[in-house]
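Visitor: based on what follows, work out the 3D shape:
(chains A and B)
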Amino acid sequence: MRWQYLAGREVLTTTLRLQNYNRLLSLTLSVFSLRLSKKNSLVSGWLPAIGLMVLLLLAACSQPDDYPAIRMGLASAPLNLDPRFATDATSERINRLIYQRLVEFDSQSMPVPGIADWQKLSPRHYRFYLNDSANHFTDGGRLEADDVIATYQHVLDPDNASPRRASLTLIESVRIVDQSTIDFRLSRADPLFPAYMTLDILPAELLKKAHNFTRQPIGSGPFTVYAWPESGKLILERRHDHQLIELLEVKNPTVRALKLLRGEIDMLQNDLSPELIGYLQLQTGIDLQRRHGSNFTYLGFNLQDPDTGDPRVRRAIAHAIDRQGIIDQVMHGAARQAETLFPPEHWAGSGDLTRYTYDPATSRALLSEAGYDAENPLRLIYKTSSDPYRIRLATIIQSQLKAVGIEVDLRSYDWGTFFGDIKRGNFQLYSLSWVGIRTPDIFRYIFASDSLPPIGANRGRYSSPSVDRLLLQAEAAKTLPQQASLYRQIQQQIHHDLPYVPLWYEDQVSALGARVSGYELMMDGNYDGLERVSIHHSEDLQHAQTAAAY
Amino acid sequence: MGDFLISRLLSALVVILGTVCLVFMLIHLVPGDPVDVMLGESARPSDREALRVSLGLDQSIAIQLSQYLKGIAVLDLGSSLHTKQPVTELLAGHIPATLQLAFAALLCALLIAIPLGILAAVNRGGSWDWGAMGFSMLGISIPNFWLGPMLILCFSLWLGWTPVSGREGFSSLILPAVTLGSSFAAILARMVRSSLLEVLGEDYVRTARAKGLGESRVIWHHAMRNAWLPVITLLGLQLGALLGGAIVTEVVFDWPGIGSLMIESIQKRDYPVVQGCVLFISLSYVLVNTLTDIVYGLIDPRISDGTGR
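Guide: Numbers count the residues shown, from 1 in each chain, chains lettered A, B, ... in the order given. All right, here's what the predicted structure looks like:
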């Protein structure tokens, strides 16, 4: 009802605005033509025309919104609030707030019950029981087994081309047992199966009616969409206390920080340069929070290239990069060194890998051993995206490599071109980050010799029979501890072979203005902390009064 | 005038059609695939193919182009590959902001440039001339990505007069309009100055002065009338560019205009939206240039009569 009311209100406002616009436009044009017809007074005709132009501009301006929302600045707006098709990080983070899932993750990335507990009846048969945390959908219906089945079946249907299907193809069948119990049968055993059960659940009734979830999401999560008046502004309502949260796209990071200082937004998270983080830290009234993150940044090699295919060259490059120096001096400490894909606290993480220390002498010796010297320097092409911060980091790496005698030609491209080149293997060096990875099946996807793009993400064409064998063993392991042990062996081997130079895990950073408090940063950068953020007490009273007037 | 208008409209149609076809082919030639952006790397080849078919991307470029042109004929520009919103709806959401910013910047530029250019020309070599040309040089040299944040720092953060960014209320229009208008004003002021200086040396101006007319009448009613022609040419070109989207200014001030929509769509390889933006921009250029030609005719009837030099 509220959605319809709001949609109606939007249409009405827009229509009225457009009508005013048209009326003024035609008035302006008629005055213009009147003035133009009097050829001799052309110059004096500018003044009323300019006056009308001002009127037109005044009329076209929308007024600032006047409701008690907590405003959060985002680097990019969500594109798609249909969780079956959303692929951008912002949409996925917001969908987490609007919908619920069977399974969540704990701080070690272990699967834990979300709205369902599970029981492993056999290695290929799992039973999920909906628990009390399953809410009602915002359209009134209660989330039940039908909804779970309809959502999974829709995603598994190849005709629907959902990007979420790939991780669920081991599901052979989904069957309802009763209104709170669902059976999943698998085509092969996988002890990690519950970790894949993270699809956001949609109401079955609306799925049947092909409801447009992209723009009008209906979920059972802690938030509902209050209004989406324009692509760069989404207003959510927290269901338990009706607090409004306005998510506002502010692309430029400097402007985002300035808006926070001016009080036009109340909070922001990530996508800030180290200088801006340092600047915000010094401002009074700004609460800057940091916590370790799990997003992994790396330098990738093409192993089919004659230069970067040589392990001595890869090791020389690893020893030539002063990762801690970059973290301390450039990133102002807002990261921690990485040795592998998963941080040490991950249940399959490997904290005992020997570091590739910054050692220019060893680097030069390895290069010399590989046949390069001052007369015959190693020349490499390093590709990166056009993001200014990434270019800056690449430039620093370029200068560190130059110090050991490696000539790097740095090239930045727009995302589509850059990513296209990386997938085709058209590179020697590139840098990218893995964001939001939770489950160790990622190792098959990135490092198995048969995971070349477009099937997988083995972009560097890495091929190791021992890693392939260990992957098979890990996938066949019956328990998670066995799997964890095998995945640690895989990480050891990869760390030795060095298809990537692991760089760092960037910290998560948020900044809160003086008006709000209670926001908790998540390790993976999700916005779950919005469930508890609140306006300070004095504002609270005002909010309660305004909310009553709505 | 009628024949003149018809010939202008016909050539405009050819220009728009040519632009649309050229951009359609170019955008399909650039590396990067919308299916990759939508499905991610983990998708199976069969899923990729299914999506490609459902989006019509499996057809040859010629067929896709002919379907697109048929769509244009009935004002159907297709839907965004990512958000599924109709392109016309997306454009309608961004065009008002673009028009608003373009006209505000134009107004700002005119208000600064015309008096400044005239003062510089009338006081040639004097302090006004040096001052105006110094401003002009500064305006051309300062990039918008620097000027914008500086204006925000000064007027929003320190003085608190305007919002930092966004499109809420008239005050939010001031800084983007000044940022965008200042470089335009700088170019325009130089043009007004040089154009007026040229005209002021002509015989008919000397005659007007000899008749005993006041200096302001000589300048506004006699000299400026002929000095307008090159200025209007520049105005037409710049207005076309402004309507095409002032990308840097839009990004700095989070102004939801056509420029930022087009850049985002190019990055996501959202072909229908890119095409829609290109169509709007080429239409704007053609419309503004046609209007410029009409105004030429009104200022100097020799142009529309075909008797001009």
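Visitor: contacts only, for residue A:518.
Guide: Contact analysis of residue A:518 by CB atoms under 8 Å, 6 or more residues apart in numbering or on different chains lists A:532-534. Glycine gets a C-beta too; all of them are placed from N, C-alpha and C.
Visitor: pull out the buried residues from those residues.
Guide: Neighbour counting by 16 or more other CB atoms under 10 Å in any protein chain shown classes A:533-534 among those as buried.
Visitor: out of the contacts of residue A:518, which one sits closest to chain B?
Guide: residue A:533 (21.1 Å; CB to the nearest CB).
Visitor: do you know the pLDDT at that closest one?
Guide: For residue A:533, the model assigns a pLDDT of 94.
Visitor: got a list of what it touches?
Guide: A:70, A:245, A:267, A:512, A:516-519.
Visitor: then residue A:223?
Guide: By CB under 8 Å, 6+ apart, the contact list for residue A:223 reads A:97-98, A:236-239, A:245, A:530.
Visitor: columns pLDDT on top of the contacts of residue A:533, output as TSV?
Guide: Below are these laid out as TSV (pLDDT from 0 to 100):
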residue	pLDDT
A:70	96
A:245	96
A:267	96
A:512	96
A:516	94
A:517	92
A:518	92
A:519	94
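Visitor: quick one: which of those residues is nearest to chain B?
Guide: Distance to chain B, by CB to the nearest CB, is smallest for residue A:267 among the contacts of residue A:533, at 14.9 Å.
Visitor: what's the burial count for residue B:2?
Guide: 6 (other CB atoms under 10 Å in any protein chain shown).
Visitor: I should have written residue B:94 there, sorry.
Guide: Residue B:94: 25 surrounding residues under other CB under 10 Å.
Visitor: surely residue B:21 touches residue B:66?
Guide: No. Look at residue B:21 against residue B:66 with CB atoms under 8 Å: they stay out of range, at 10.2 Å.
Visitor: returning to what we had before: make a markdown table out of the contacts of residue A:518 and add secondary structure and distance to residue A:463.
Guide: Formatted as a markdown table, those follow (DSSP: H, G, I helix; E, B strand; the rest coil; distance: CB to CB, whole Å):
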| residue | secondary structure | distance to residue A:463 |
| --- | --- | --- |
| A:532 | coil | 48 |
| A:533 | coil | 48 |
| A:534 | strand | 53 |
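Visitor: save the contacts of residue A:518 as a markdown table, and put in distance to residue A:306 too.
Guide: Conversion of the contacts of residue A:518 to a markdown table gives the following (distance: CB to CB, whole Å):
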| residue | distance to residue A:306 |
| --- | --- |
| A:532 | 55 |
| A:533 | 54 |
| A:534 | 59 |
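Visitor: nearest to residue B:261 among the contacts of residue A:518?
Guide: Distance to residue B:261 across the contacts of residue A:518 (CB to CB) is lowest for residue A:533, with 30.7 Å.
Visitor: for chain A, what are the nearby residues on the stretch 151-300 of chain B?
Guide: Residues of the stretch 151-300 of chain B lying near chain A by CB under 8 Å from any CB of the partner chain: B:152-153, B:156-157, B:160, B:163-170, B:172-173, B:220-221, B:224-225, B:228, B:251-254, B:256, B:260, B:266-269, B:295, B:298-299.
Visitor: where does pLDDT dip in the stretch 51-200 of chain A?
Guide: A:51-67 (pLDDT under 70).
Visitor: ok, the residue lying closest to residue B:69 once chain neighbours are set aside - contacts?
Guide: Distance criterion CB to CB, 6 or more residues apart in numbering or on different chains; nearest residue to residue B:69, sequence neighbours excluded, is residue B:20 at 7.5 Å. Counting by CB under 8 Å, 6+ apart, residue B:20 touches B:68-69, B:72, B:275, B:278-279, B:282.
Visitor: what's the spacing between residue A:492 and chain B?
Guide: Plainly put, residue A:492 is 25 Å away from chain B if you go by CB to the nearest CB, to the nearest Å.
Visitor: for the host helix or strand of that residue, what is the distance to the chain centroid?
Guide: Here residue A:492, judged by DSSP states H and E, is contained in helix A:480-497. Centre-to-centre, helix A:480-497 and its host chain are 26 Å apart (CA atoms, centre = their mean, to the nearest Å).
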